[in-house]
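Chemist: sequence and predicted structure, then a few things I'm wondering about:
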Amino acid sequence: MASEGLTGALAAVLAGQGPSVQSCDSAPAGEPPVPVRLRKNVCYVVLAVFLSEQDEVLLIQEAKRECWGSWYLPAGRMEPGETIVEALQREVKEEAGLHCEPETLLSVEERGPSWVRFVFLARPTGGILKTSKEADAESLQAAWYPRSSLPTPLRAHDILHLVELAAQYRQQARHPVILPQELPCDLVCQRLVVTFTSAQTVWVLVGTVGIPHLPVTACGLDPVEQRGGMKMAILRLLQECLTLHHLVVEIKGLLGLQHLGRDHSDGICLNVLVTVAFRSPGIQDEPPKIRGENFFWWKVTEEDLQSQLLKRLQGSSVVPVNR
Ligand SMILES: C[C@@](O)(CCOP(=O)(O)OP(=O)(O)O)CC(=O)O
Ligand SMILES: [Mg+2]
């Protein structure tokens with residue numbers, strides 16, 4: 001088995017990178033998944049949390065009719081042809097007047113594969129804060145507010161949790177810096193690092209079709225997978241090779257994100273850490289049996305890789321993916 005290829009791929013994914021997606025090991029039943037098109041069958045949103053050293057948050061005042069005058073974090077829908085970071089920088093410039101750089105992803109939120117929001121901790125790198133004199137259709141103004149006393153009304157209270165995430169990350173970074181890797185992708189899909197651990201040994205699920213690889217599952221844009229969220233695509237792949245009723249499956253979170261946006265490659269690949277364990281607390285020191293020939297359990301023996309993976313698992317050192 002070409003484990004040096006697997007070792008390299010796993011090391012890359014743990015470092016927030018990863019190979020480009022060549023094919024999928026699981027896809028929704030029926031016709032092949034349609035390529036995603038931004039603003040047609042998928043909507044991606046970028047959102048920036050700026051938290052100053054004085055514990056102040058940058059907020060913008062909305063100019064949209066439906067939420068006029070309310071306050072929110074700089075955020076907006078991505079446009080075709082731009083990368084995720086370009087969209088973030090465009091939205092922050094339009095709504096707050098500032099140039100910025102992303103520090104790390106803080107959270108990925110999804111309402112099914114056709115609506116995904118990328119939440120970043122960001123830092124200003126220049127520009128002039130937008131005042132009410134520069135009010136336009138993008139926003140009325142931007143201002144810094146103490147995290148302990150944000151202005152009202154807020155457009156939505158979902159940002160309070162995001163500001164908290166930023167403060168926690170600033171206090172103690174629970175995961176390494178994770179930023180989008182600019183790689184083209186045609187689908188909304190998830191590359192899985194599915195692990196089984198017993199004592200200090202860790203196994204990873206590997207796809208065998210083609211060269212051995214970390215499995216990729218395509219997300220469907222049909223109503224069932226929309227309603228169930230992106231975890232449906234993960235459970236679909238696992239059901240194809242494992243008997244899930246005696247297992248506990250936990251989706252830990254994001255190790256990395258791949259997207260380019262250029263030349264209509266509007267897809268995204270989320271690299272996701274998943275754990276599988278037996279429901280019964282009995283001593284199970286071998287991974288669950290795999291049905292069929294399309295997958296196998298690869299025991300990670302390379303010491304450094306094994307300890308990296310165990311550390312990420314023990315510390316849940318990933319970016320949360322929330323519905
Ligand atoms: C969609 C939001 O996350 C906010 C960002 O979208 P905007 O309504 O601010 O879009 P732009 O006009 O592009 O700035 C809110 C939501 O309900 O999802
Ligand atoms: Mg906006």
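Modeler: Arrived safely, thanks for sending. Residues are numbered from 1 along each chain as shown. Ligands and ions are numbered 1, 2, ... in the order given.
Chemist: in the chain, where is pLDDT below threshold?
Modeler: Within the chain, the ranges that satisfy pLDDT under 70 run 1-2.
Chemist: kindly report the residues of it close to ligand 2.
Modeler: With C-beta under 5 Å from the ion as the criterion, the chain meets ligand 2 at residues Ala75, Gly76. In this view, the C-beta of every residue, glycine as well, is placed from N, C-alpha and C.
Chemist: how is the chain divided into domains?
Modeler: The chain breaks down into these domains under automatic domain parsing: 13-36+186-254+268-278+285-315, 43-171.
Chemist: got a markdown table for those domains, with mean neighbour count too?
Modeler: As requested, these are exported to a markdown table (neighbours: other C-beta atoms under 10 Å):
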| stretch | mean neighbour count |
| --- | --- |
| domain 13-36+186-254+268-278+285-315 | 18 |
| domain 43-171 | 18 |
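Chemist: partners of Cys189 in the sheet?
Modeler: Beta-bridge partners for Cys189, by DSSP bridges, are Ala218, Cys269.
Chemist: roughly how far apart are it and Cys219?
Modeler: Cys189 sits 6 Å away from Cys219, going by C-beta to C-beta, to the nearest Å.
Chemist: shared neighbours, the two?
Modeler: Shared contacts of Cys189 and Cys219 (C-beta atoms under 8 Å, 6 or more residues apart in numbering): Ala233.
Chemist: where's Arg227, which helix or strand?
Modeler: Using DSSP states H and E, Arg227 falls within helix 223-228.
Chemist: just checking, what packs against that helix?
Modeler: helix 231-239 (3 or more C-beta pairs under 8 Å, 6 or more residues apart in numbering; DSSP states H and E).
Chemist: can I get the helix it packs on in PDB, CA atoms only?
Modeler: In PDB, the C-alpha atoms belonging to helix 231-239 read as follows (Å, rounded to 0.1, in the frame of the first residue of the first chain):
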ATOM      1  CA  LYS A 231     -23.400  15.900   7.900                       C
ATOM      2  CA  MET A 232     -25.800  13.900   5.700                       C
ATOM      3  CA  ALA A 233     -23.100  13.500   3.100                       C
ATOM      4  CA  ILE A 234     -20.700  12.200   5.700                       C
ATOM      5  CA  LEU A 235     -23.200   9.700   7.200                       C
ATOM      6  CA  ARG A 236     -24.000   8.600   3.600                       C
ATOM      7  CA  LEU A 237     -20.400   7.600   2.900                       C
ATOM      8  CA  LEU A 238     -19.900   5.900   6.300                       C
ATOM      9  CA  GLN A 239     -23.200   3.900   5.900                       C
END
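Chemist: pull the distance from that helix to the chain's centre.
Modeler: 17 Å (C-alpha atoms, centre = their mean, to the nearest Å).
Chemist: now name the helix or strand holding Asn271.
Modeler: strand 268-278.
Chemist: and Gly5, by the same measure?
Modeler: Judged by DSSP H and E, Gly5 forms part of helix 3-14.
Chemist: angle of whichever helix or strand comes after that helix against strand 268-278?
Modeler: Counting by DSSP H and E, the element after helix 3-14 in chain order, helix or strand, is strand 43-50. Using axes from the mean of the first three to the mean of the last three C-alpha atoms, to 10 degrees, the inter-axis angle of strand 43-50 relative to strand 268-278 is 80 degrees.
Chemist: are strand 43-50 and ligand 1 in contact anywhere?
Modeler: Yes - judged by C-beta under 6 Å from any ligand atom, strand 43-50 comes into contact with ligand 1 at Val45.
Chemist: what segments of the stretch 51-200 of the chain are strands?
Modeler: Here the stretch 51-200 of the chain has its strands, by DSSP state E, counting those that start in this stretch, at 56-61, 71-72, 75-77, 98-110, 115-127, 141-146, 181-182, 188-198.
Chemist: nearest to ligand 1, of those?
Modeler: Closest to ligand 1 of the strands of the stretch 51-200 of the chain, according to C-beta to the nearest ligand atom: strand 75-77, at 2.8 Å.
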